[in-house]
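In: Quick one, fold the following:
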Amino acid sequence: MSEMSHSENDHPSAETSSPEAPKLNTADLPPVDDEPSSSHTVMEENEFSSLTPIRQYEMNQEMLDETISTDRPLIAALEPMASLRAEYEGGSPIFVKKIDWLIAHGYTGVRRARGDGDCFYRSLAFAYIERILLAPDPMLAAVSAISILEVSQPLLEAAGFQKLVYEDFYDTLVSLINSIVTPDSNGKVLTQTTLLEAFNTPEVSNSIVVYLRLLTSAQMRSEPEKYADVLFHPELDEPMELREFCENFVEAVGKEADHPQIAALTSALTVHLKIASLDRNVHGSEEGKVDFVEFQNQDESGMEPIILLFRPGHYDILDRRSEELTEMNRPERMTDIAENI
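Out: You can find the predicted model right below:
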């Protein structure tokens, strides 16, 4: 599994203007397990530490491999955080306490992403579009997002990407956002149900992931001085040149995102992102407190930040809802949007 950092720094806020800011520490995070299973509860710390390093690696890899199953949705429906908590009961109490802390602070739901190496990009993309869909003024939010994406095209071309390479991926993303406010041939606009369906349609979901990867690469290439000293090979931990890093670990699908990629993409999209991480850090003043890493940008939408949950080599979406909203509370707004187009 790759790690978010190449240092042992803890988790104070990080500005996107400086990729050298403190990064997420994955060395002591709990393993990912997308579905509770009596045969895969988290082991007690002393039991796990008694295993040989090779067996520890094998077990971690087995747990990660389970999240890659093609039977799992690319993006799942919301579920209560209690389901995640159940996976860690019987293991280290600190992880359970930190999940309890998240629940107590309003993060009652989690939306899981398939652990295929694209989970950061897919999770961010879904949360990004859903935030527009649920905005107080969806029309304004959609227009703002599309305007930002339009500006991204010259950025890609300046990085050497031909329009023929990226335009279909770009059109897929923009069309999905546009469908929030523009009815289709049947007079239907995007809903939470159809958004989830779209992200579980590989052609749509993967096209969006590819565009965000290209956009991330273009943003990094446009600011080489910011990334020159912070790019490392995720397995060898050796410094890498920007172009080589982008070609192998940004543009290539199935490659996990680290701090530089996250900083670049949130900057390109001008979104405010907060990432909660589960670790063994103990705060004396507040038991079980969870640290957040922030990527702050000039997000003029006035909307709440996107919030993701980070575990080793994996990202899911944190939510203040524990289940999907019904469409019952949205038809009036959707009708108003359709009538104003």
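In: so where's the stretch 151-300 of the chain uncertain?
Out: Within the stretch 151-300 of the chain, the segments meeting pLDDT under 70 span 284-285, 299-300.
In: where do the helices sit along it?
Out: Residue ranges of the helices in the stretch 151-300 of the chain, as given by DSSP state H, counting those that start in this stretch, are 163-178, 192-199, 202-222, 224-227, 242-249, 259-269.
In: residues contacting Phe199?
Out: For Phe199, the set of contacting residues under the criterion of CB atoms under 8 Å, 6 or more residues apart in numbering consists of 74-75, 122, 125-126, 205, 208. (Glycine included, C-beta is placed from N, CA and C.)
In: With adjacent residues omitted, what lies nearest to it?
Out: Once its chain neighbours are removed from consideration, Phe199 has its nearest residue in Ile75; the separation is 4.3 Å (CB to CB, 6 or more residues apart in numbering).
In: So what pairs up with that neighbour in the strands?
Out: Bridge pairing for Ile75 (DSSP bridges) gives the partners Ala113.
In: Can you give me the buried ones in the helix or strand that contains Val110?
Out: Element membership of Val110 [criterion: DSSP states H and E] is strand 109-111. For strand 109-111, a neighbour-count test (16 or more other CB atoms under 10 Å) marks 109-111 as buried.
In: Next secondary structure element downstream of that strand?
Out: Per DSSP H and E, the first helix or strand lying C-terminal to strand 109-111 is helix 119-133.
In: Report all helices and strands that that following helix contacts.
Out: In this structure, helix 119-133 packs against helix 138-158, helix 163-178, helix 192-199, helix 202-222, helix 259-269, strand 306-311, strand 314-319, with contacts taken as 3 or more CB pairs under 8 Å, 6 or more residues apart in numbering; DSSP states H and E.
In: which one of these lies closest to Val250?
Out: Across these, the minimum distance to Val250, taken as CB to CB, is reached by helix 202-222, at 4.5 Å.
In: Direction-wise, compare that closest one with helix 192-199 and give the angle.
Out: Angle, helix 202-222 to helix 192-199, by axes from the mean of the first three to the mean of the last three CA atoms, to 10 degrees: 70 degrees.
In: Distance from the chain centre to helix 202-222, please.
Out: Its chain's C-alpha centre lies 13 Å from the corresponding centre of helix 202-222 when counted by CA atoms, centre = their mean, to the nearest Å.
In: Stretch 312-325 too?
Out: In terms of CA atoms, centre = their mean, the centre of stretch 312-325 is set 10 Å apart from its chain centre.
In: what comes up buried for it?
Out: 312-319, 322.
In: List the strands paired with the strand holding Val110, with their directions.
Out: Taking DSSP bridges as the criterion, strand 109-111 sits next to strand 79-80 (antiparallel), strand 314-319 (antiparallel) in its sheet.
In: Adding mean pLDDT, write those strands out as CSV.
Out: As requested, the strands paired with strand 109-111 are exported to CSV (pLDDT from 0 to 100):
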stretch, mean pLDDT
strand 79-80, 97
strand 314-319, 96
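In: Quick one, which of those strands gets closest to Ile307.
Out: strand 314-319 (4.4 Å).
In: what does the closest one contact?
Out: 32, 64, 67, 78, 102, 107-113, 115, 119-120, 123-124, 126-127, 257, 275-276, 306-309.
In: That strand vs helix 259-269, what angle?
Out: 40 degrees.
In: would you put the C-alpha positions of strand 314-319 in PDB?
Out: C-alpha atoms of strand 314-319 as PDB (Å, rounded to 0.1, in the frame of the first residue of the first chain):
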ATOM      1  CA  HIS A 314      -8.100   3.900   0.600                       C
ATOM      2  CA  TYR A 315     -10.600   6.700   0.600                       C
ATOM      3  CA  ASP A 316     -14.400   6.800   1.300                       C
ATOM      4  CA  ILE A 317     -16.800   9.700   1.600                       C
ATOM      5  CA  LEU A 318     -17.900  10.900   5.100                       C
ATOM      6  CA  ASP A 319     -21.400  12.300   5.300                       C
END
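In: Number of residues surrounding Asp229?
Out: Neighbouring residues of Asp229 were enumerated by other CB atoms under 10 Å; the total is 10.
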